[in-house]
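Engineer: Output the structure for:
(one chain, ligands or ions: 3)
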Amino acid sequence: MPVALVGLPGSGKTAVGRRLAQRLQWDFVDTDQLIEERIGCTIREFFEREGEGRFRDIEAQVIGEQGRTANTVLSTGGGAVLREENRRQLRQSFHVVYLRSSPEDLYRRLRHDVKRPLLQVADPLGRLRELFSARDPLYREVAHESVETGRPSIQALVVEILDRLQAAGVAVMPPSPH
Ligand SMILES: Nc1ncnc2c1ncn2[C@@H]1O[C@H](COP(=O)(O)OP(=O)(O)OP(=O)(O)O)[C@@H](O)[C@H]1O
Ligand SMILES: O=C(O)C1=C[C@@H](O)[C@@H](O)[C@H](O)C1
Ligand SMILES: [Mg+2]
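Structural biologist: Ligands and ions are numbered 1, 2, ... in the order given. Take a look at the predicted model:
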């Protein structure tokens, strides 16, 4: 069964997901990257030109496709859980790991980042707090595992998630090369 990472923008889905896939020798797929390849422009440009609804349609299609893969770590976009259809798909077809972060930790990481369209507002910390209140219940609803990302390094998070995946029988660690 593929593994999906969910969480707010900046929670580490891409950074953690890539390393997790390396350790498992699985494929790594990032829905945001896949979508940018398909639409031929950045998500930010697409949001401005076509609107969030069109972006969410493509996102739902990509999650549906990836649910049929094996040996894949899927890093989802921060808003993937907003659609009921996606929550059902995630819960059914993936082992879902929620990277749970406080709005304050996220703000520290993302304040200089201009790539995340939802944070291009006058009060990004306020926006993150709103996003957390609105989405934390949805991430919890879909998650089979939840890990707090406040203090641990990316490496430590990967080790913790690997332990959980092995305990759940979802993944077997490949033998180490030496
Ligand atoms: N546990 C962590 N400790 C320190 N830095 C981290 C941690 N997790 C992520 N980061 C850093 O925070 C930034 C955002 O991480 P990343 O891009 O992986 O988030 P994301 O969840 O994929 O965000 P988005 O939903 O917007 O795609 C990156 O620079 C990443 O290296
Ligand atoms: O939190 C969100 O709604 C989003 C997060 C990003 O990963 C992208 O998927 C997009 O910018 C929307
Ligand atoms: Mg990402």
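Engineer: who touches stretch 60-71?
Structural biologist: Residues from elsewhere that reach stretch 60-71 (CB atoms under 8 Å, 6 or more residues apart in numbering): 1-2, 4, 24, 26-27, 29, 31, 34-35, 38, 72, 74, 76, 80, 83, 85-86, 89-90, 92-94. To be clear about C-beta, it is placed using only N, CA and C from the backbone, and glycine gets the same treatment.
Engineer: try it again with 7 Å
Structural biologist: Here stretch 60-71 makes contact (CB atoms under 7 Å, 6 or more residues apart in numbering) with 2, 26-27, 29, 31, 34-35, 72, 74, 76, 80, 83, 85-86, 89-90, 93-94.
Engineer: Average pLDDT for the top strand by length along the chain, rounded please.
Structural biologist: Longest strand in the chain, counting residues (DSSP state E): strand 95-100. Averaged across strand 95-100, pLDDT comes to 98.
Engineer: Secondary structure element for Arg109, which one?
Structural biologist: Element membership for Arg109 (DSSP states H and E) is helix 103-110.
Engineer: returning to that earlier point: selecting buried members of the contacts of stretch 60-71 in ChimeraX, what would you type?
Structural biologist: Command for ChimeraX that selects the buried part of the contacts of stretch 60-71, burial taken from 16 or more other CB atoms under 10 Å:
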select :2,26,29,31,34,35,72,74,76,80,83,86,89,90,93,94
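Engineer: picking that back up, is ligand 1 within reach of the longest strand of the chain?
Structural biologist: No - Strand 95-100 is not in contact with ligand 1 by CB under 6 Å from any ligand atom; minimum separation 6.6 Å.
Engineer: Which elements pack onto that strand?
Structural biologist: strand 3-6, helix 124-142, strand 145-148 (3 or more CB pairs under 7 Å, 6 or more residues apart in numbering; DSSP states H and E).
Engineer: outside of that strand, which residues touch it?
Structural biologist: 1, 3-7, 11-13, 16, 90, 139-140, 142-149, 161, 165, 168, 170.
Engineer: by how many degrees do it and helix 124-142 diverge?
Structural biologist: On the basis of axes from the mean of the first three to the mean of the last three CA atoms, to 10 degrees, strand 95-100 is oriented at 150 degrees to helix 124-142.
Engineer: does the helix holding Arg109 come close to ligand 2?
Structural biologist: No - Helix 103-110 is not in contact with ligand 2 by CB under 6 Å from any ligand atom; minimum separation 10.7 Å.
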